[in-house]
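Q: below are the sequence and a predicted model; questions follow.
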Amino acid sequence: MKESFLARFIKYGLYAVAFVPLIIFDDFISPFHFGKVIIFRSLIEILFVFYLALIWRDKTYLPKRDSIFWSLVAFTAVFGLTTIFSIQVYESFWGTLERMGGFWTFIHYLAYFVMATALFKRTQDWFKWLDIAIFVGLLSALYGFGQKTDIDFFVGSGNRARIFGTIGNAALFSGYELFTTFLALAFYFKSDNSPKRKLFYGGTFLISALSILMTAVRGSLLGLALGLFVFALLYVWKFNSHRAKNLLVGFVVLVVAFAGFSFLFNDSKLVKSSSYLTRITDLSVKSYTIQTRLWAWEAGLKGWKESAKTIVLGWGPENFNVPFSKNFNPQFYAGPGAETFFDRAHNMFVEVLVTMGLIGLLSYLAVFVLAFKKIWLKLKNTSSSEAVMYIGSFALLSAYAVHNFFFFDTSANFILFFTFLGFLSFAGKNETEHMPQKQDRTPQLQQLVLVVLLILVSCIIYKTNIEPAKANYTVTRGIVRGWDNDTEGAVEKFKQAMSYDTFGMYEYRHRFAQYVFDNDDKIKNREVILDVIEEVKKNTQTHSADYLPLLYLSRLNILLGQGDTESEYNDIALEYANKALEIAPTFVRTYFEIGQVYISKHDYKKAAEAFKKASELNPQVGISYWYWAVVENELGNIKLAQELLDKALTVEYRFVPSESDALRMANIYIKTNNHKGLQIVFERLVHISPGNPQYHASLASLYAKSGNTDGAVEQAKKAAELDPTFEAEARAFVQSLGREW
């Protein structure tokens, strides 16, 4: 029976969803996630209105309910429940600009699943969707290859060491490509393939697998390896294939050989000469990347155990950063630029447990358990010609579970995951031709309701998708004007963005504040700082358990109070910094803010106490000792200041001074005639400003005093080369060392 136009319209809309992972809004903040979710939500909202009209006319399009359906409904319900009881409801409902998650977005994935399982009633419907998904995954992989070039068309190009395709992050991209890899592998073995189709599926499998290798994401590589092992093992079991047995043995040997190579040659010149080999052969749990993951999980689990409520309901979706901050491990802070903010656990199972509690984890695990169960039952009871699809499905789900043990999901991954679950749900039913029911005899009422719903959805799309997009774009125009040194234009655009007061404002307000920090010397109207303060205060209302807005407020008030030791703004800044400290008592940077406030107040003794505390939290960070040394110098404790400078320059994460910082260090070392310290400082100055002849001349003198005659001669000649007026003095200096000019 021919489907209605309405049903076909919805189906083609669902097919269009497959192309969402290719969307990039390159002129927006969060270019790889924001656009995808904005388009996806708008598309699903429109389609769902027509779907409601369809099931009103024809009840056979109601969703077919099975164990996978109910597991997703249960997990979504838990998502909603934990959002209601979240420590920050706003964050849980709307998510963050960076990840574009939250309950509001998640219910769109469930709506998509419901429509797909209701509309796709035949195997060919699902195979057509999966074919499109495989093709889109191939395009994303090829786009990733383009990032290895210098072609501007590819966002992120420039011979990138680790590609990320159209997904924007190497780890998320590799997780996405796992779906492409195993779907293509399963489809390759379909018995009804033409030679061209086998070529397409085989080529896509190889290209997508290669793209995963090019990400150098070890968790995904482990998932890929396990998935291939499972595929080969099940293929041998189901078909008793000698070729598959040989491939399985060869694969195991290859994995063992790789592990042995990594263990034996991890420190070899061959491996060290390649950043790629260095990364993928580093299997030690003591590597910094793995350590940061373990610290993040530890912080989250400590937070999860904090109370009965957090054990059962968690902290609320999208709020992993709250327990992470409360239990922050100071070892995360390795100096400026260190990654100290984890908004995700980088482990979906830990993420769900910490943010949604035991009920969340159990419902999330149920999705996997029921999916594995359905695949296994179908695999055991399916004829050999069809079994390969379920072998591929089992391998894919295994690989995906391993990947999710080290990472998390975003829009592109969720779209494929929910599609895959929809296919599994369909696989448990008998394929039928659609036989429409008799339509209701109220077409006018249906049309009226449809029009009303479309108007309502249009308003929702405008408020939740279009308006946030306008605000996002306006902020980036402010950033661009700032790059062009148009300070007034940048401030104007930031203020315009603030007027939208829509989703994403948390990030936009902080972007505005960051612009003020970076361009304080260019902003003549101090009212701008007061305006930013009022905006950032709004973030403290929606994010009461977040220390970051408090630190921004502290810094903004420091700007207002600088140069006036009696300014009330210094006291306000200190108040905000102390509030931040209550939320995250071991966050190193907060002590820097407190120290800066006391410097503004000329209370160097308390400033020294703050920087001392920072250095105690992580004794291997040089910049803490540098700040501490500066205030000890102001207090007249020159010997202690020099000892601290020595530490700053020699600890694991040593302080790398700017030119002005190096000159300040030189002044401290000069006070006690510390030639060794001066030598280190001027070596740094020569590196920073190799065209300054005075730096070379000073370094020549220091080398001479330390007995490094060759170095002294070299630096003296360099000073004369840069400035001929130095030549006579340099010549005499060299001859005094007993060397010829």
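A: Yes, it's here.

Q: so where do the helices sit in the stretch 401-550 of the chain?
A: Secondary structure of the stretch 401-550 of the chain by DSSP state H, counting those that start in this stretch: the helices cover 411-427, 443-461, 467-483, 487-498, 505-518, 527-542, 548-561.

Q: any chance of CSV for those helices, columns distance to residue 574 and mean pLDDT?
A: From N, CA and C alone the C-beta is placed, and that goes for glycine too. Formatted as CSV, these follow (distance: least, CB to CB, whole Å; pLDDT from 0 to 100):
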stretch, distance to residue 574, mean pLDDT
helix 411-427, 41, 94
helix 443-461, 44, 89
helix 467-483, 29, 96
helix 487-498, 26, 96
helix 505-518, 18, 95
helix 527-542, 15, 95
helix 548-561, 8, 95
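
Q: turn the ones you listed into JSON lines, columns for mean neighbour count.
A: Output for the helices of the stretch 401-550 of the chain, formatted as JSON lines (neighbours: other CB atoms under 10 Å):
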{"stretch": "helix 411-427", "mean neighbour count": "23"}
{"stretch": "helix 443-461", "mean neighbour count": "13"}
{"stretch": "helix 467-483", "mean neighbour count": "19"}
{"stretch": "helix 487-498", "mean neighbour count": "20"}
{"stretch": "helix 505-518", "mean neighbour count": "20"}
{"stretch": "helix 527-542", "mean neighbour count": "17"}
{"stretch": "helix 548-561", "mean neighbour count": "23"}
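
Q: show me the contacts for residue 392.
A: Residues in contact with residue 392 (CB atoms under 8 Å, 6 or more residues apart in numbering) are 182-183, 185-187, 189, 231.

Q: of all the residues you listed, which two lie farthest apart?
A: Pairwise distances across the contacts of residue 392 peak at 12.7 Å for 187 and 231 (criterion: CB to CB).

Q: more neighbours, the two?
A: With neighbours defined as other CB atoms under 10 Å, residue 187 and residue 231 compare such that residue 231 has more, 27 against 23.

Q: now do the buried residues in the helix or strand that contains that one.
A: Secondary structure from DSSP states H and E places residue 231 in helix 218-239. Residues of helix 218-239 classed as buried by neighbour count (16 or more other CB atoms under 10 Å): 218-236, 238.

Q: also stretch 661-680?
A: By 16+ other CB under 10 Å, the buried positions in stretch 661-680 come out as 661-662, 664-666, 668-669, 674, 677-680.

Q: re the thing from before, which other helices and strands does the helix holding residue 231 contact?
A: Where contact means 3 or more CB pairs under 8 Å, 6 or more residues apart in numbering; DSSP states H and E, helix 218-239 is packed against helix 170-188, helix 195-215, helix 242-265, helix 275-280, helix 384-404.

Q: mind putting those into a markdown table with mean pLDDT and distance to residue 67?
A: Listed next are these as a markdown table, based on pLDDT from 0 to 100; distance: least, CB to CB, whole Å:
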| stretch | mean pLDDT | distance to residue 67 |
| --- | --- | --- |
| helix 170-188 | 96 | 22 |
| helix 195-215 | 96 | 30 |
| helix 242-265 | 81 | 31 |
| helix 275-280 | 78 | 38 |
| helix 384-404 | 92 | 15 |
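
Q: quick one: which of those is nearest residue 511?
A: Residue 511 lies closest, by CB to CB, to one member of these: helix 170-188, at 22.6 Å.

Q: helices or strands up against the closest one?
A: helix 123-146, helix 195-215, helix 218-239, helix 384-404, helix 411-427.

Q: save the ones you listed as TSV, and put in distance to residue 314 too.
A: Listed next are the helices and strands packed on helix 170-188 as TSV, based on distance: least, CB to CB, whole Å:
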stretch	distance to residue 314
helix 123-146	32
helix 195-215	30
helix 218-239	23
helix 384-404	17
helix 411-427	19
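
Q: show me where pLDDT drops low in this structure?
A: 1-2, 385, 428-442 (pLDDT under 70).

Q: top helix in it by residue count?
A: helix 348-381 (DSSP state H).

Q: buried stuff in the helix or strand hosting residue 719?
A: In the assignment (DSSP H and E), residue 719 maps to helix 709-722. Buried residues in helix 709-722, defined by neighbour count with 16+ other CB under 10 Å: 711-720, 722.

Q: give me the neighbour count for residue 141.
A: Count around residue 141 with other CB under 10 Å applied: 27.

Q: ok, it - contacts?
A: Counted by CB under 8 Å, 6+ apart, residue 141 has contacts 165, 177, 180, 207-208, 210-211.

Q: of those residues, which is the nearest to residue 691?
A: For those, the residue nearest residue 691 by CB to CB is residue 165; the value is 42.2 Å.

Q: with adjacent residues omitted, what lies nearest to that closest one?
A: Counting by CB to CB, 6 or more residues apart in numbering, residue 165 lies nearest to residue 144, which is 3.7 Å off, once chain neighbours are set aside.

Q: now swap in residue 669 and tell me
A: residue 677 (4.0 Å).

Q: mind listing residues that contact the helix or strand where residue 11 lies?
A: According to DSSP H and E, residue 11 maps onto helix 5-17. Helix 5-17 has contacts (CB under 8 Å, 6+ apart) with 3, 40, 43-44, 46-47, 50-51, 53-54, 57-58, 61, 112, 115-116, 119-120, 125, 128-129, 132, 415, 434.

Q: could you redo the last one with a cut-off of 7 Å?
A: 40, 43, 47, 50-51, 53-54, 61, 112, 115-116, 119, 129, 132, 415 (CB atoms under 7 Å, 6 or more residues apart in numbering).

Q: can I get stretch 418-430 in PDB, CA atoms only?
A: C-alpha atoms of stretch 418-430 as PDB (Å, rounded to 0.1, in the frame of the first residue of the first chain):
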ATOM      1  CA  PHE A 418      20.000   6.300  18.600                       C
ATOM      2  CA  THR A 419      19.700   5.300  15.000                       C
ATOM      3  CA  PHE A 420      21.600   2.100  15.700                       C
ATOM      4  CA  LEU A 421      19.300   1.300  18.600                       C
ATOM      5  CA  GLY A 422      16.300   2.000  16.400                       C
ATOM      6  CA  PHE A 423      17.600  -0.500  13.900                       C
ATOM      7  CA  LEU A 424      18.100  -3.100  16.700                       C
ATOM      8  CA  SER A 425      14.500  -2.400  17.900                       C
ATOM      9  CA  PHE A 426      13.200  -2.900  14.400                       C
ATOM     10  CA  ALA A 427      15.300  -6.100  14.000                       C
ATOM     11  CA  GLY A 428      13.200  -7.700  16.700                       C
ATOM     12  CA  LYS A 429       9.900  -7.300  14.800                       C
ATOM     13  CA  ASN A 430       8.400  -8.800  11.700                       C
END
